[in-house]
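Asker: how does the following fold in three dimensions:
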Amino acid sequence: MKSIKKLLSKIIVNVPFSTQIYYTYCMRRLKKQFSNKLKINSWLKTEQDSKNMYDKYGDREQKEYEFSSELCLYKGKLAWMRNKEVRNNYLKYLFEEIEKEISDKKQIKVLEVGCGNCINLVNLKEKFGNQIELYGLDISNERIEVAKRYFSGKLDRIIFYQKSITERCNEQNDDYFDIVFSMHCLEQIPYSCSIALKEMYRIAKKKIILIEPIFENGNPVQKLYLINSDHNRILIKSIRDLGYKIQRNESLDIQSGGGN
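Answerer: Okay, the predicted model is just below:
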């Protein structure tokens, strides 16, 4: 632990003041992670483990999204932001890619893998309306049903599939969806990541967009968070090992939590 403190003190000396405050804010969580390093890593889990965990959440995530705020780094400056604002910053890159594909002649099909709390689908529907045909896939039917009740009517006309992306989606032919995306989904299935990517590639006609924590893109404190999490270190390698081309890889201009 002393060596971690020494490393962090060196990092903090060389960053702007607002960033120093934020890194200090993250320090307690870092200590907890490294003190538990010799215990079973909570991320070394199966899809079923992940499902069981999230099934217990109820509507917690939806309420946090609508009513909570958090301390973030936004464009290098400390900011107290509502969770809705944070989510919009996460989604703006997805919005940009969808806008490139939208045609006046027909709808485009967009699938979210690991739609879970359905917050992203609600945002997409509000943003694009009938310009896109929305689909959601999640291993947990419980989470989808909770979201439908919570958002009452906002998920109408969205088609849902209750299954894992590591299974073949027999309902869809090759190249069925114009865009397939995930947000903090593949990190839940670290050792099935390649299988999931293959299926996403099969059903995506134009592009796959992954909004996921990536070790290589992290700043020093993020890397300390992510170094103990295999899923964050293997994503880019998995993509390259499959022979897929990464067209765009960049960090978001917002940091929410130590590793995101």
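Asker: would you list every one of the strands in the stretch 51-200 of the chain?
Answerer: Along the stretch 51-200 of the chain, counting by DSSP state E, counting those that start in this stretch, strands occupy 69-74, 77-82, 108-113, 132-138, 159-162, 177-183.
Asker: what average pLDDT does the third one get?
Answerer: Throughout strand 108-113, pLDDT has a mean value of 97.
Asker: which helices and strands sit right next to it?
Answerer: helix 83-101, helix 119-128, strand 132-138, strand 177-183, helix 193-203 (3 or more C-beta pairs under 8 Å, 6 or more residues apart in numbering; DSSP states H and E). (Glycine included, C-beta is placed from N, CA and C.)
Asker: try it again at 7 Å.
Answerer: Under the contact criterion of 3 or more C-beta pairs under 7 Å, 6 or more residues apart in numbering; DSSP states H and E, strand 108-113 touches helix 119-128, strand 132-138, strand 177-183.
Asker: same question for the shortest one.
Answerer: Here strand 159-162 is seen to pack against strand 132-138, helix 141-151 when contacts are counted using 3+ C-beta pairs under 7 Å, 6+ apart.
Asker: in that strand, which residues are buried?
Answerer: 160-161 (16 or more other C-beta atoms under 10 Å).
Asker: can you tell me the closest non-neighbouring residue to Arg143?
Answerer: Among residues not flanking Arg143 along the chain, Gly116 sits closest, at 4.9 Å (C-beta to C-beta, 6 or more residues apart in numbering).
Asker: Asp241 too?
Answerer: Ser194 (7.1 Å).
Asker: low-confidence stretches in the stretch 51-200 of the chain?
Answerer: 104-105 (pLDDT under 70).
Asker: at 80 instead, please
Answerer: 73, 76-77, 103-106, 169-171, 187-191 (pLDDT under 80).
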